[in-house]
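> Structure of the sequence below:
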Amino acid sequence: MNHPPAAQNSHEKQAGSLQAGDHLLLPDGQRSAEIHSVEVENDDFGTPAIVLATLTGGGMLRIAAGSSARIAGPQPVPGGSPLSIAPVEVAPENRAGANIPGEDSASNESDAATPLQAAENPGGGTAVPPAPAAVVVPPLPATTPAVIGPSAEDLALIPEPAGTPESVVEAVAEAHPDSVGVLLLADKLVKGINTKSGSCLKDLSDLAHELFIMLKDPDAALTVADLLNVLPFDGNPGRWASVEASLSLSTYICRQTGQKDRAAVYEKLLRAPENQETDAFKARMQARVRQRSLNEPNLYDKEIFRSMDNSNHEAEREWRLLRLESLLFLRAHGGSQTISAGELERRIANELESVRA
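Purely as a prediction, here's the structure:
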């Protein structure tokens, strides 16, 4: 069987021994890439479970901590061959009969090789494999992690709608008969609100934003937004985006009007999907990705500047509305590691002034 050049000139290395600078053979077995950094993720008991190898130039490989990885190119170990294996420390209770390097090997040299060892060493050697290290099973945690979410008392702070969702929208439209934006959205919604429809949820979210941003009616905006705010996350990111925007807007309105307890409930609802992952490793990975998105948000700077250069005021307004949604989302999360809550308040005020002008 012909092996690719990278696989022919390679050797195995324990995943836990990988380090920056190693040239790791990629899963396709044909290419290799240099490791930029290595990080070890522990399981819930504190035992190494996954090795995360970040590659130079981008990309990451996940390797089980107990497995071996192939390293491209010979890398001799001082005092031994490229396949030299480091001595294994054995627990005292497992030392009986084990041939441990560096310990009274004379007493073990007279031991007869087992049939399995003789078969593996036809040349007559008596290479005895190192005894396995003792396995210590940690105790189970006393309590399981609690899922953070709004309680029944928290949800009681959100008022029940006065009538059906369609009647709520109709009442809002009657209160603003001169607003073309409100009437256009209301005409579609009063025909029937289907919470399984992504376009219907988007129209409700747009209506709440129109009421607050353009008409400066926070009470009506909250009334419409609450039709969305109580909807649970159903696993569909497209539909959840509208609920997320509604919750972010509601959080800001309540903080501006002094309803801090109610704002805290909306923040818990906004974070509810973040607490649904039960796998500890996946939850940590998702948290890192989420924090990275908070630290590097898309604020549409290029699009806004391009619209300003082209004197396209309508396009500039649409891009600023998208920027405002991003800023409200960040504010509902209390800011990020790159933008503080105070700075977000200032930027939100600036965007509100710009789109309302």
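
> switch to C-alpha atoms for all contacts and neighbour counts from now on
Noted.

> could you dump stretch 63-71 to CSV, C-alpha only?
Extracted in CSV, the C-alpha atoms of stretch 63-71 (Å, rounded to 0.1, in the frame of the first residue of the first chain):
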residue,chain,number,x,y,z
ILE,A,63,-8.4,15.5,19.4
ALA,A,64,-9.4,13.1,22.2
ALA,A,65,-6.9,13.6,25.1
GLY,A,66,-6.1,9.8,25.3
SER,A,67,-5.5,9.3,21.6
SER,A,68,-2.4,9.6,19.5
ALA,A,69,-1.8,12.1,16.6
ARG,A,70,0.7,11.7,13.7
ILE,A,71,3.4,14.3,13.5
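
> So the residue positioned nearest the centre of the chain versus residue 328, what's the distance?
Residue closest to the mean C-alpha point of the chain, counted by CA atoms, centre = their mean, is residue 286 at 1.8 Å. Using CA to CA, to the nearest Å, one gets 21 Å for the distance from residue 286 to residue 328.

> do you know how far the residue nearest to the centre of the chain is from residue 275?
Residue 286 sits 10 Å away from residue 275, going by CA to CA.

> likewise residue 330?
Computed as CA to CA, the residue 330 to residue 275 distance reads 18 Å.

> Could you do residue 153 as well?
19 Å.

> Comparing the two, which residue is more hemmed in?
It is residue 275, of residue 153 and residue 275, that has more neighbours when counted by other CA atoms under 10 Å, with 13 against 9.

> who touches residue 13 in this structure?
Residues in contact with residue 13 (CA atoms under 8 Å, 6 or more residues apart in numbering) are 68, 69, 70, 71.

> In these, which residue is surrounded by the most others?
The most crowded member of the contacts of residue 13 is residue 71, carrying 24 neighbours; neighbours defined as other CA under 10 Å.

> element containing residue 61?
Residue 61 belongs to strand 60-64 when elements are defined using DSSP states H and E.

> Give me the next element, helix or strand, following that strand.
strand 68-72.

> I figured residue 50 hits residue 38, correct?
No - Residue 50 is beyond contact range of residue 38, at 10.5 Å (criterion: CA atoms under 8 Å).

> of those two, who's got more company?
residue 50 (21 against 18).

> Any idea what that one is bridged to?
Counting by DSSP bridges, residue 50 is bridged to residue 41, residue 64.

> roughly how far apart are it and residue 16?
With distances taken as CA to CA, residue 50 is found 9 Å from residue 16.

> mind giving me the domain split of this protein?
Listed by automatic domain parsing, the domain ranges of the chain are 5-72, 152-356.

> rank these by pLDDT, which is bottom?
Looking at the domains of the chain, the lowest mean pLDDT belongs to domain 5-72 (a mean of 73).

> Now do the end-to-end distance for stretch 155-162.
First-to-last distance for stretch 155-162 - CA to CA - comes to 16 Å.

> Oops, could you answer that again for stretch 155-168 instead?
In terms of CA to CA, the two terminal residues of stretch 155-168 are separated by 19 Å.

> for stretch 291-307, same thing?
Using CA to CA, the end-to-end distance of stretch 291-307 comes to 30 Å.

> mind starting the numbering at 7 from now?
Yes, from this point I'll number from 7; that puts the last item at stretch 297-313.

> Give me the buried positions along that stretch.
300, 303, 305, 310, 313 (16 or more other CA atoms under 10 Å).

> Are we agreed that the last one is in a helix?
Yes - assigned with DSSP: H, G, I helix; E, B strand; the rest coil, residue 313 falls within a helix.
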